[in-house]
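Trainee: Just to be clear, the model below is a prediction. Sequence and coordinates:
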Amino acid sequence: VFIGSTLVDVYAKCGNMLEAHQAFQSLQERDVVIWTAMISGYARQGQGEMALELYVQMQQSGIKPDNATFLCILRACSSIGALGMCIMVHHDLSRSRAKLSVEVATALVRAYSKCGNMAAAQQIFDALPHHDLVSWNTLLAAYAQQGDCQAGLCCFEQMQQEGTNPDAVSFVSVLTACSHAGMVDEGLYYFELMHRKYGIPATVQHYTSLVDLLGRAGLLHKVEELLADVAMPLD
RNA sequence: GGCGUCGAA
């Protein structure tokens, strides 16, 4: 069973869902892990409908989804933006009566936000007893990507107040939000803060956001200034 | 053996 399962997972991880499906069909015993590996494969390929189909079949065959299954099916909801599917999975989670883990709640936050329901995303986030770095980053990225920079920056301040230090991923979202809103001073401020207060080295993503922000504001001299140190070694 | 955030593939 483990060898066949490993085979399914290897194909699924490579995105070869045709081969994965064949290997999956040839198994006589299918446990929750192997069903979930298939769902995960479809979800990562953006084949949300297939993921959902397997999720339903799995339960029909008497296998109960566990935490990992929920994470994978929620990834599928996110990737195709299927709000109805997201709500259905949310119901399944409530029905299971288990307390939401921070991982599953975070996946729900992401799924609702990708389906365009920020109110539901925020509500699930608020109901969490404890917010960790990843859950903060998820909410922050959601607001930044929706272009709600005010909510995003608010979220960023709140996370610090509640004692979670932002990381490089957090700052990508913050700079994205500033860039989206054309907030030059704020963008420069947060870029500085990242290095000075948190000692986080800037990545290409951070530079890209900031250059975009400065460029669209017509501040080309600032762009040159910013890139001078970076470009020097390339000359 | 399947496993939550930006990005990447």
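Mentor: It's in.
Trainee: Grab the CA positions of stretch A:205-212 and hand them over as CSV.
Mentor: Below are the C-alpha coordinates for stretch A:205-212, written out as CSV (Å, rounded to 0.1, in the frame of the first residue of the first chain):
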residue,chain,number,x,y,z
GLN,A,205,10.3,41.7,-4.9
HIS,A,206,10.7,44.6,-2.5
TYR,A,207,12.8,46.6,-5.0
THR,A,208,10.3,45.9,-7.7
SER,A,209,7.4,47.3,-5.8
LEU,A,210,9.3,50.3,-4.7
VAL,A,211,10.7,51.1,-8.1
ASP,A,212,7.2,50.7,-9.6
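Trainee: Sort out which residues of it are buried, please.
Mentor: Within stretch A:205-212, the residues that qualify as buried by neighbour count (16 or more other CB atoms under 10 Å) are A:206-207, A:209-212. Glycine gets a C-beta too; all of them are placed from N, C-alpha and C.
Trainee: Which one of those is nearest to A:A144?
Mentor: Nearest to A:A144, judged by CB to CB, of the buried residues of stretch A:205-212 is A:S209 at 9.7 Å.
Trainee: picking up where we left off before, show me which of the buried residues of stretch A:205-212 neighbour RNA strand B.
Mentor: Of the entries in the buried residues of stretch A:205-212, none also sits close to RNA strand B under the rule CB under 7 Å from any atom of the strand.
Trainee: Spatially, which two of the residues you listed are the most separated?
Mentor: Using CB to CB, these span at most 10.9 Å, a distance reached by A:H206 and A:D212.
Trainee: Need the residues touching each of those two.
Mentor: Taking CB atoms under 8 Å, 6 or more residues apart in numbering as the contact definition, A:H206 and A:D212 share no neighbouring residue.
Trainee: Okay, and A:G15 sits in which element?
Mentor: Taking DSSP states H and E as the definition, one finds A:G15 inside no helix or strand.
Trainee: ok, now which ones touch the residue nearest to A:S179 when sequence neighbours are not counted?
Mentor: Leaving out its chain neighbours, the residue that sits closest to A:S179 by CB to CB, 6 or more residues apart in numbering is A:L213, at 4.1 Å. With contact set as CB under 8 Å, 6+ apart, A:L213 has these partners: A:175, A:178-179, A:182-184, A:187.
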